[in-house]
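*Asks:* Could you work out the structure for the sequence below:
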Amino acid sequence: MLRFILIAVAAILLTIGLVKLVDKYIPSKFKPVLNIALWILIAFLGYQTYVSVYTPILFNKEKNKRYAKVIKNLIDIRDSELAFKQVNGKFTDSFDELVKFVETAEFTITQRRDSVVIDQELTKRYGVDTTKDIVIIDTLGFVPVKDSLFKNSTRYKTMMNVPVGKPGEKFQLQAGFLRQNDINIPVFEASVKKDVILFDQDRDMVVQENQVVSVDGVNGDALKVGSMNEVKTIGNWPKTYGANE
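*Replies:* Numbers count the residues shown, from 1 in each chain. As a prediction, the model looks like this:
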């Protein structure tokens with residue numbers, strides 16, 4: 001942004017200087033030609049100033065639109081991974097396996113209820129009826145994962161494809177375990193580089209975007225959800241783009 005501001009200021013100062021120079025030092029017979037050249041230069045500098053100021057505005061508008069589409073896919077990937085873990089106890093790093101799971105797997109619907117029964121051991125030991133509290137889990141039925149997460153939509157079949165930016169790109173998907181307190185905790189991460197999302201945009205603006213560190217921006221050089229280094233399943237985008245949890 002600083003580069004664009006400096007260009008704008010320099011253009012304005014140069015224009016003012018040229019006007020004063022022509023008016024004060026150039027002979028009258030040369031002024032018509034120089035005036036034409038000056039107006040052409042002023043028009044060119046004005047256009048450059050406009051582009052310099054407006055480029056970040058256009059870039060941010062396009063960036064936000066593309067990020068929003070990418071985030072929708074990342075949310076679908078996360079929801080599918082969480083469902084996969086609920087059924088299988090771990091995450092997967094294969095989109096083929098994840099899609100097949102969504103198409104074929106079912107959630108088990110259960111109901112927990114408290115109950116009181118005779119404690120046979122204590123009753124036998126003390127010779128009087130002794131009870132104990134237990135929790136009974138009843139299976140009520142099964143619900144297809146696809147219906148629960150996507151209803152009638154088939155977008156899960158293409159959730160691995162980056163929907164904007166460089167054609168033909170796919171999200172990177174990793175999964176594994178993180179060791180904490182002698183326990184292996186399942187983790188996953190789905191990500192895509194900003195360079196892929198913004199590959200056809202102004203290069204200087206993309207470089208700046210890759211270096212963003214801000215509470216209202218997407219920090220780092222990628223959009224991602226989950227982490228291979230932390231136990232979390234949130235995305236790295238601010239809530240201005242939608243819920244990241």
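
*Asks:* Give the other helices and strands that the helix or strand encompassing residue 125 contacts.
*Replies:* Assessed by DSSP states H and E, residue 125 sits inside helix 120-126. Here helix 120-126 touches no other helix or strand, going by 3 or more Cβ pairs under 8 Å, 6 or more residues apart in numbering; DSSP states H and E. Heads up, the C-betas are built off the backbone N, CA and C, glycines and all.

*Asks:* ranges for the helices of the chain?
*Replies:* 2-25, 31-88, 95-104, 120-126, 145-150, 194-197, 203-210 (DSSP state H).

*Asks:* Among the ones you listed, which comes closest to residue 223?
*Replies:* Relative to residue 223, the nearest member of those by Cβ to Cβ is helix 31-88, separated by 5.4 Å.

*Asks:* rewinding a little: could you export the helix holding residue 125 as PDB, CA atoms only?
*Replies:* Extracted in PDB, the C-alpha atoms of helix 120-126 (Å, rounded to 0.1, in the frame of the first residue of the first chain):
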ATOM      1  CA  GLN A 120     -26.200 -59.200  43.000                       C
ATOM      2  CA  GLU A 121     -22.800 -59.300  44.700                       C
ATOM      3  CA  LEU A 122     -23.600 -56.900  47.500                       C
ATOM      4  CA  THR A 123     -27.100 -58.500  48.000                       C
ATOM      5  CA  LYS A 124     -25.500 -61.900  48.400                       C
ATOM      6  CA  ARG A 125     -22.800 -60.500  50.700                       C
ATOM      7  CA  TYR A 126     -25.100 -58.700  53.100                       C
END
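
*Asks:* List the contacts of that helix.
*Replies:* Applying Cβ atoms under 8 Å, 6 or more residues apart in numbering, the contact partners of helix 120-126 are 129, 130, 132.

*Asks:* so which of these would you say is closest to residue 237?
*Replies:* Set against residue 237, the nearest of those by Cβ to Cβ is residue 132 (49.8 Å).

*Asks:* Could you report the distance from the closest one to residue 125?
*Replies:* Per Cβ to Cβ, to the nearest Å, residue 132 is found 13 Å from residue 125.

*Asks:* what's the answer for residue 179, then?
*Replies:* In terms of Cβ to Cβ, residue 179 sits 44 Å off from residue 125.

*Asks:* next one: residue 151
*Replies:* 55 Å.

*Asks:* Looking at the two, which is more packed in?
*Replies:* residue 125 (10 against 7; other Cβ atoms under 10 Å).

*Asks:* what's near enough to touch residue 85?
*Replies:* Counting by Cβ under 8 Å, 6+ apart, residue 85 makes contact with 91, 186.

*Asks:* Look up the pLDDT of it for me, please.
*Replies:* Listed pLDDT for residue 85 reads 95.

*Asks:* now swap in residue 38 and tell me
*Replies:* Residue 38 carries a pLDDT score of 67 in this model.

*Asks:* so what pLDDT did the residue of the chain most remote from its centre get?
*Replies:* Distance from the C-alpha centroid of the chain peaks at residue 127, with 65.2 Å (Cα atoms, centre = their mean). For residue 127, the model assigns a pLDDT of 72.

*Asks:* closest to residue 72 among the contacts of helix 120-126?
*Replies:* When the contacts of helix 120-126 are compared against residue 72 (criterion: Cβ to Cβ), the nearest one is residue 132, at 49.9 Å.
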